[in-house]
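Colleague: pasting the structure only:
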């Protein structure tokens with residue numbers, strides 16, 4: 001991996017691009033073997049190893065389970081449902097509430113779902129369905 005990182009650094013320098021070593025992270029997918037994995041370095045800086053990282057709005061876990069992602073999106077959708085409840089109390093029409101749900105809440109629950117939805121457990125699916133049930 002260090003050789004590949006070195007090639008990427010060399011390419012970025014040739015193309016007048018800088019790699020921000022503070023934003024560079026390393027994630028080892030799957031379980032670590034008995035032998036320790038040497039940490040990667042980007043010119044004189046050791047790359048931080050993480051087990052969970054959010055990239056392009058999807059929270060990825062090193063064991064490729066979606067517990068963290070489901071927790072993040074259900075929390076975010078729950079906050080938006082609270083606002084929907086406030087709109088209902090204020091007398092907003094049912095059509096407008098439906099529009100709010102479809103344009104503000106539902107996209108949070110469905111964003112990038114082709115990447116992660118097929119691998120959900122029954123409990124994770126239930127958590128997502130509970131948010132939708134609350135919206136009803």
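Modeller: Received the coordinates, thanks. Bear in mind that the values here come from a model prediction, so they are computed numbers and not experimental data.

Colleague: what are the ranges of the helices in the protein?
Modeller: 2-14, 67-89, 94-100, 106-110, 113-116, 122-135 (DSSP state H).

Colleague: Pipe the ones you listed into JSON lines and attach distance to residue 41 per row.
Modeller: Yep, even glycine has a C-beta here, placed from its N, CA and C like the rest. Compiled in JSON lines, the helices of the chain are given as follows (distance: least, CB to CB, whole Å):
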{"stretch": "helix 2-14", "distance to residue 41": "7"}
{"stretch": "helix 67-89", "distance to residue 41": "27"}
{"stretch": "helix 94-100", "distance to residue 41": "48"}
{"stretch": "helix 106-110", "distance to residue 41": "37"}
{"stretch": "helix 113-116", "distance to residue 41": "30"}
{"stretch": "helix 122-135", "distance to residue 41": "36"}
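
Colleague: Quick one: the ones you listed as JSON lines, columns for mean neighbour count too.
Modeller: Converted to JSON lines, the helices of the chain look like this (neighbours: other CB atoms under 10 Å):
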{"stretch": "helix 2-14", "mean neighbour count": "12"}
{"stretch": "helix 67-89", "mean neighbour count": "16"}
{"stretch": "helix 94-100", "mean neighbour count": "12"}
{"stretch": "helix 106-110", "mean neighbour count": "15"}
{"stretch": "helix 113-116", "mean neighbour count": "13"}
{"stretch": "helix 122-135", "mean neighbour count": "14"}
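
Colleague: domains in the chain, as residue ranges please.
Modeller: In terms of domains, the chain is parsed into 2-50, 67-135 (source: automatic domain parsing).

Colleague: ok, of these, where does mean pLDDT dip lowest?
Modeller: Averaged per stretch, pLDDT over those is lowest on domain 2-50, reaching a mean of 83.

Colleague: before we move on, the earlier item: need the domains of the chain in JSON lines (columns: distance to residue 60).
Modeller: Output for those, formatted as JSON lines (distance: least, CB to CB, whole Å):
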{"stretch": "domain 2-50", "distance to residue 60": "7"}
{"stretch": "domain 67-135", "distance to residue 60": "7"}
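
Colleague: Point me to the residue sitting farthest from the middle of this protein.
Modeller: Distance from the C-alpha centroid of the chain, by CA atoms, centre = their mean, peaks at residue 91 (34.5 Å).
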